[in-house]
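> based on what follows, work out the 3D shape:
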Amino acid sequence: MRTKSALLVLVVALAGSWGIASAQPAIDAPPPAPVQAPLPATALLTLTTIPSGWSERVDLRPMLQIYADGRAVHQPDAATPTRAADVSPQRLTGTISTDVLTAALAETRALAALDLGMPSDDDQGLQIIDLMPAPPDQDVHVLMYAPEATQGLTTDQQDNRKRFTDLYRKLLDAFSQDH
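Purely as a prediction, here's the structure:
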């Protein structure tokens, strides 16, 4: 009985010392990575390109999704014709600065009131900027048909289309990828 008691005391002592040793913080251990909240289901601002000839493709994805807190998801090859329909686009996470996002929201609302014209060319692609704030009754959807077309458009329509293109490009260029 004494042998069993002595073994029990030894096992408890060893187990206790292992617990103490394992509870010690590691020296030079990196700090834990910050935990980010998951992205909301709906982005605040979404940029989508439908290239010419894509009317039959069912794998359309947004080029850029920007959330209210500035976090963003960029899919640079979402509208690349060489990407097979059964291959998901590359998905990069990052941010858009607050000042760029704030200016983009105002410019998107302004663009919604402008005439971008309707070119006579059929199936020449489409670019879309969707603004979807929390109250859904304030959604703004700006569509520019045949982004490269100029024939049959007035000077004002061409200027408005340039504003659209400039905003689209500015948002794509403002994306800063996480490292």
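> show me the shaky parts of the protein.
1-37, 39-41, 55, 122-123 (pLDDT under 70).
> any idea which residue is closest to the centre of it?
The centroid of the chain falls nearest to residue 73 when counting by Cα atoms, centre = their mean (1.9 Å).
> can I take it that that residue is in a helix?
No: Residue 73 sits outside any helix when classified using DSSP: H, G, I helix; E, B strand; the rest coil, being strand.
> how close does it sit to residue 64?
Note on residue 73: its distance to residue 64, by Cβ to Cβ, to the nearest Å, is 7 Å. In this view, the C-beta of every residue, glycine as well, is placed from N, C-alpha and C.
> what do you get for residue 158?
Applying Cβ to Cβ to residue 158 and residue 64 gives a distance of 24 Å.
> same thing with residue 51?
For residue 51, the distance to residue 64 - Cβ to Cβ - is 16 Å.
> the more surrounded of the two?
Neighbours were counted for residue 51 and for residue 64 using other Cβ atoms under 10 Å; residue 64 has more, 25 against 18.
> could you find the closest non-adjacent residue to that one?
Using Cβ to Cβ, 6 or more residues apart in numbering and skipping the chain neighbours, the partner closest in space to residue 64 is residue 47 (4.3 Å).
> repeat for residue 114
Excluding the flanking residues, the one nearest residue 114 by Cβ to Cβ, 6+ apart is residue 160, at 4.2 Å.
> would you double-check that the one you found falls in a strand?
No: applying three-state DSSP, one finds residue 160 to be helix, outside a strand.
> my read is that it contacts residue 112, right?
No: Residue 160 is not in contact with residue 112 according to Cβ atoms under 8 Å; the separation is 10.8 Å.
> more crowded one of the two?
More neighbours surround residue 160 than the other of residue 160 and residue 112, with 21 against 15 (other Cβ under 10 Å).
> and that one, what does it touch?
Residue 160 is in contact with 111, 114, 115, 116, 117, counting by Cβ atoms under 8 Å, 6 or more residues apart in numbering.
> then residue 150?
When contacts are counted by Cβ under 8 Å, 6+ apart, residue 150 touches 119, 158.
> ok, now with 7 Å
Going by Cβ atoms under 7 Å, 6 or more residues apart in numbering, residue 150 touches residue 158.
> helix/strand/coil for it?
State at residue 150, reduced to three classes by three-state DSSP: coil.
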